[in-house]
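>>> I would like the atomic coordinates for the input below:
(chains A and B)
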Amino acid sequence: EPEVTQTPSHQVTQMGQEVILRCVPISNHLYFYWYRQILGQKVEFLVSFYNNEISEKSEIFDDQFSVERPDGSNFTLKIRSTKLEDSAMYFCASSVGPNYEQYFGPGTRLTVT
Amino acid sequence: AQSVTQPDIHITVSEGASLELRCNYSYGATPYLFWYVQSPGQGLQLLLKYFSGDTLVQGIKGFEAEFKRSQSSFNLRKPSVHWSDAAEYFCAVGLTDSWGKLQFGAGTQVVVTP
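Residues are numbered from 1 along each chain as shown, chains lettered A, B, ... in the order given. Predicted coordinates for the structure are as follows:
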């Protein structure tokens, strides 16, 4: 069964450093998403992406964040200058359409020290 | 304001007993509705979804959910829980006028006792 994959599973970085989180969505899906879950809190939407453009973003997704589909399979989230409060589990998801079920990857745990 | 509420933060249930998890939403129109499960250290697995039509939907692992428009609810049920059902359960809603953004409830932690 096709699945969303994410790498790395755990990333530790120092405050102020740039990180790139990688995702491989399900191959026939056209819509891609990033969510985050701070420990003990709700899963929060960050951004949706379609046709090489951001479709929608939340207020969390400020200028420090960017997304890219650098090739036909990968989907990345870049945090330019990490802050302590960026420590969270980051989930990638994909779907065939904007109002279809989303399939989530296993997540990348980002720890900013 | 738009919101998704899961009133129960934590539920303990005996193995073999029935389980019901509550979810209420507050939106102007009927959203798309989902239940996801998260086992410790794992990602989010889709249990079931409601888009339209029959208000009782069946999902994986023996779960079902019922959409009640009058109560703005989408409660999840399982007739007989197994120890492997211990996990955190999230209700999520998607809006027809958004680009796939899901809004999640706070989650309900389910503990299964022998």
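>>> need the contact list for B:Asp58.
No Asp there; residue B:58 is Gln. Contact partners of B:Gln58, counting by CB atoms under 8 Å, 6 or more residues apart in numbering or on different chains, are B:48, B:64. In short, each C-beta sits where N, CA and C put it, glycine included.
>>> mind running it again at 10 Å?
With contacts defined as CB atoms under 10 Å, 6 or more residues apart in numbering or on different chains, the neighbours of B:Gln58 are B:47-48, B:64-65.
>>> which residues does A:Asp86 contact?
Taking CB under 10 Å, 6+ apart, we find A:Asp86 in contact with A:13, A:15, A:19, A:36, A:38, A:60, A:64-65, A:79, A:110-112.
>>> now do B:Val81
With CB under 10 Å, 6+ apart as the criterion, the residues that contact B:Val81 are B:13-19, B:61-63, B:110, B:112-113.
>>> If any of these are buried, give me the PyMOL selection for them.
Entered in PyMOL, the line below selects the buried ones among the contacts of B:Val81, by 16 or more other CB atoms under 10 Å in any protein chain shown:
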select buried, chain B and resi 13+19+63+110+112
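>>> And B:Val29, how close does it get to chain A?
No, residue B:29 isn't Val; it's Ala. As defined by CB to the nearest CB, to the nearest Å, B:Ala29 lies at a distance of 12 Å from chain A.
>>> Centre of the chain to stretch B:18-33, how far?
In terms of CA atoms, centre = their mean, to the nearest Å, the centre of stretch B:18-33 is found 7 Å from the chain centre.
>>> okay, now the closest residue to chain A within chain B: neighbour count?
Using CB to the nearest CB, the single residue of chain B nearest to chain A is B:Trp99, 3.5 Å away. Other residues near B:Trp99 number 18, with proximity taken as other CB atoms under 10 Å in any protein chain shown.
>>> Per-residue pLDDT of B:Lys1, please?
One thing to correct before we go on: residue B:1 is Ala, not Lys. Reported pLDDT at B:Ala1 in the predicted model: 68.
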